[in-house]
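Engineer: 3D model of this:
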Amino acid sequence: MSDSITPQHLRLPSLSIAGFRGVEQLTIPKLGRVTLLAGRNGAGKTTVLDAVRIYAARGQPDALRELLVRREEFATGYDEDGDLIDAPLTDALFHGRGNRTQAVVIGPASGDASLEIRPSSLEDLPEYQRSLFDDLVPADVDVQVLKVVFKNTQKISPIVFGPNSRRASLFRRVTRQLGREDQTASMIRCESLGPGLLGNSDLARFWDAVALTDDEPFALAALKLAFGDKVEGVTLIGEESEFRAGRRVVVKLSDQLRPVPLKSLGDGATRMFGVALALANCRDGILLLDEAENGIHHSLQVDFWNMVLRAANTHNTQVLATTHSKDCINGFAWAALKCPDIGANLIRLERENGEIHAVEYSKEELETAAKQDIEVR
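Structural biologist: You can find the predicted model right below:
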């Protein structure tokens with residue numbers, strides 16, 4: 001449902017993924033300003049978001065490490081001092097969990113802006129880079145190396161993974177040395193939310209970027225979707241310490257003498273406020289929402305998606321979200337009808353005989369589904 005959107009305004013007008021985790025090959029010919037991915041569990045929805053995250057980060061070491069650790073793709077063992085260590089398993093990035101004959105390729109479905117991730121080894125490094133390992137890395141330390149290539153000619157330095165132990169600082173130092181040649185200027189600003197709620201540290205980080213700016217009223221308006229004009233203001237209180245949870249968001253309600261913690265107002269309030277803050281923090285970038293329906297009451301789905309669509313358009317943010325909720329899809333469809341000039345796409349992912357296919361719903365099909373309450377999941 002992206003008839004009126006101009007592809008060049010989008011960071012990713014289309015998407016192709018090959019050899020990445022559970023996706024051997026997937027092409028989505030057209031993405032919108034806001035794209036909602038539906039499909040059964042195991043269809044590959046979250047993997048698509050992971051792939052976009054890696055693409056936006058241009059395969060940077062921190063993004064790859066974060067993904068592997070978050071998915072618990074690591075080996076546990078002990079170092080020479082008997083301390084427990086975790087080392088991310090780079091094999092888990094490749095389709096088939098170790099099929100290193102097929103490179104990971106992520107990018108637009110057409111053009112030469114794809115990101116490639118290939119297995120490598122220390123022997124493939126230029127001599128001046130190998131000298132870093134000779135100087136900094138003990139010979140008995142096993143490392144995993146990946147070579148990342150962007151736009152064919154723009155090579156990003158090989159990526160080194162090491163155990164999360166006392167030697168972590170050593171590996172960070174090596175990665176930092178190699179990273180001096182990275183083309184970080186080409187990275188796309190990208191934030192990921194869900195399926196759980198944002199923690200206090202992320203809420204504080206997002207709030208600090210919008211406080212006392214033109215985006216602050218927008219974040220406040222997100223809370224008013226759930227609580228109406230009772231919401232009078234928002235602020236952060238507290239400070240980091242080993243005895244406290246850190247800074248936290250509190251809300252002033254007209255019927256309460258004292259501000260109340262945001263999280264005491266329920267998951268829905270925290271979710272909508274977090275999404276609004278993330279949208280404001282992803283100007284000119286990409287926002288990824290996994291299980292977008294979580295915490296949002298079915299009666300608020302239309303207002304929620306209306307907020308997302310309008311904010312994405314205002315902030316030039318591209319949003320990719322996943323859901324397996326019929327209420328969420330219906331809310332998305334009705335909001336799209338109210339915002340016909342903002343590109344809203346509904347894509348259903350289907351897995352058959354191990355292959356994933358993307359089925360796009362036209363504007364007419366989505367409108368019919370909304371008005372007649374037709375199942376499209």
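
Engineer: buried ones in stretch 198-209?
Structural biologist: Neighbour-count burial for stretch 198-209, counted by 16 or more other CB atoms under 10 Å, picks out 198, 200, 202-204, 206-207. In this view, the C-beta of every residue, glycine as well, is placed from N, C-alpha and C.

Engineer: the strands in the stretch 251-377 of the chain, which residues?
Structural biologist: For the stretch 251-377 of the chain, strands defined by DSSP state E, counting those that start in this stretch occupy the ranges 260-261, 286-289, 318-322, 344-352, 355-361.

Engineer: looking at these, which is closest to Ala56?
Structural biologist: Distance to Ala56, taken as CB to CB, is lowest for strand 286-289 among those, at 5.5 Å.

Engineer: check which helix or strand the closest residue to Asp124 other than its chain neighbours maps to.
Structural biologist: The shortest distance from Asp124 to any residue other than its chain neighbours is 6.8 Å, reached at Lys147 (CB to CB, 6 or more residues apart in numbering). Counting by DSSP states H and E, the element that carries Lys147 is strand 144-150.

Engineer: quick one: contacts for Leu309?
Structural biologist: Contacts here follow CB atoms under 8 Å, 6 or more residues apart in numbering; on that basis Leu309 touches 33-34, 335-336, 339, 342, 344.

Engineer: on that earlier part again, winner for burial among the strands of the stretch 251-377 of the chain?
Structural biologist: Burial of the strands of the stretch 251-377 of the chain is given as mean neighbour count (mean count of other CB atoms under 10 Å); strand 318-322 ranks first at a mean of 27.

Engineer: can you give the contact residues for that one?
Structural biologist: Under the contact criterion CB under 8 Å, 6+ apart, strand 318-322 has outside partners 10-12, 31, 33-38, 45-46, 48-49, 52, 279, 285-292, 308, 312.

Engineer: that one pairs with which strands?
Structural biologist: Strand 318-322 has the following strand partners under DSSP bridges: strand 34-38 (parallel), strand 286-289 (parallel).

Engineer: can you redo the strands of the stretch 251-377 of the chain as a markdown table with distance to Leu125?
Structural biologist: What follows is these, written out as a markdown table (distance: least, CB to CB, whole Å):
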| stretch | distance to Leu125 |
| --- | --- |
| strand 260-261 | 51 |
| strand 286-289 | 31 |
| strand 318-322 | 35 |
| strand 344-352 | 38 |
| strand 355-361 | 35 |
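
Engineer: make TSV out of these and add mean pLDDT.
Structural biologist: Rendered in TSV, the data for the strands of the stretch 251-377 of the chain read as follows (pLDDT from 0 to 100):
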stretch	mean pLDDT
strand 260-261	88
strand 286-289	96
strand 318-322	97
strand 344-352	91
strand 355-361	89
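
Engineer: indicate which one of those strands is closest to Leu122.
Structural biologist: Among the strands of the stretch 251-377 of the chain, strand 286-289 comes nearest to Leu122, with 33.4 Å by CB to CB.

Engineer: show residues contacting the closest one.
Structural biologist: Contacts made with strand 286-289 from outside it, assessed by CB under 8 Å, 6+ apart, are listed as 11-12, 49, 52-53, 56, 188-194, 275, 278-279, 312, 317-322.
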